[in-house]
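[1] Fold the following and give me the result.
(2 chains)
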Amino acid sequence: AQKITQTQPGMFVQEKEAVTLDCTYDTSDPSYGLFWYKQPSSGEMIFLIYQGSYDQQNATEGRYSLNFQKARKSANLVISASQLGDSAMYFCAMREASGGSNYKLTFGKGTLLTVNP
Amino acid sequence: EPEVTQTPSHQVTQMGQEVILRCVPISNHLYFYWYRQILGQKVEFLVSFYNNEISEKSEIFDDQFSVERPDGSNFTLKIRSTKLEDSAMYFCASSRGGVGEKLFFGSGTQLSVL
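    You can find the predicted model right below:
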């Protein structure tokens, strides 16, 4: 079974509008972390936001917020006031504590966001 | 902010040749990783390295692949006999320990096998 599922291969949004990118995850580990990374066309992986499984509040970082619904195992990324520079691939990823001496990140397939002027 | 450095940014090689991809992780990090991304596809885990040994490897990381941390600063990925399907972007990453620590990624090496 896939650990991270991103069901939207592509999304379009108008500049200045908000957009939600979906992510669901699968784990039996009570301790885990959820991450979002942005990959622009230049290829680098840029960390955006982190949510811990024990965090009571949804994470926010500037225009990025994470809609964390633990019972549904979802961690959707919300981008407010979209900008043209937000056009990129967005990856949801998870790190599980049971990874022990590993702590690897497992990625979803990504969502390609296009912001229209 | 500290950076993970990867060299070269592009590598072109002939099928069957050996390649070494180099990485300098962030100096106080303890966990090191290689990932690869075939064009337009997901980021795939290859191997993790901790305490001078491999802690986990994926099914992609077969006998043709090896990693080394020869001198306490560099972290290398070697592919002994490259295949066409090894063509991909290879990312090195590092982090401190703990489930909440983000991975810092290098800018990648684009490997093209001809």
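[2] low pLDDT regions in the chain?
    Chain wasn't specified; assuming chain A. A:1, A:99-101 (pLDDT under 70).
[3] Show me what from it comes close to chain B.
    Proximity of chain A to chain B (CB under 8 Å from any CB of the partner chain) is limited to residues A:31-33, A:35, A:37, A:43-45, A:47, A:50, A:52, A:91, A:93, A:95-97, A:99-110. In this view, the C-beta of every residue, glycine as well, is placed from N, C-alpha and C.
[4] Are any of those buried, and if so which?
    Among the residues of chain A next to chain B, those scoring as buried are A:32-33, A:35, A:37, A:45, A:47, A:50, A:52, A:91, A:93, A:95-97, A:99, A:102-110 (criterion: 16 or more other CB atoms under 10 Å in any protein chain shown).
[5] And the strands in chain B?
    Secondary structure of chain B (DSSP state E): strands at B:5-7, B:10-13, B:19-24, B:31-37, B:44-50, B:53-57, B:65-68, B:75-79, B:88-95, B:104-105, B:109-113.
[6] Neighbours of residue 83, how many?
    In the absence of a named chain, chain A is used. A count of nearby residues for A:Gln83, using other CB atoms under 10 Å in any protein chain shown, gives 11.
[7] meant chain B, my bad for not saying
    Look at B:Lys83: counted by other CB under 10 Å, it has 11 neighbours.
[8] and the residue of chain B found nearest chain A, what does it touch?
    Residue of chain B nearest chain A, by CB to the nearest CB: B:Phe105 (3.9 Å). Residues in contact with B:Phe105 (CB atoms under 8 Å, 6 or more residues apart in numbering or on different chains) are A:37, A:44-45, B:4, B:35, B:91-93.
[9] Starting from the lowest-mean-pLDDT helix or strand in chain B, tell me which strands it pairs with and how they run.
    In chain B, no helix or strand scores lower on mean pLDDT, DSSP states H and E than strand B:53-57, which sits at a mean of 92. Strand B:53-57 has the following strand partners under DSSP bridges: strand B:44-50 (antiparallel).
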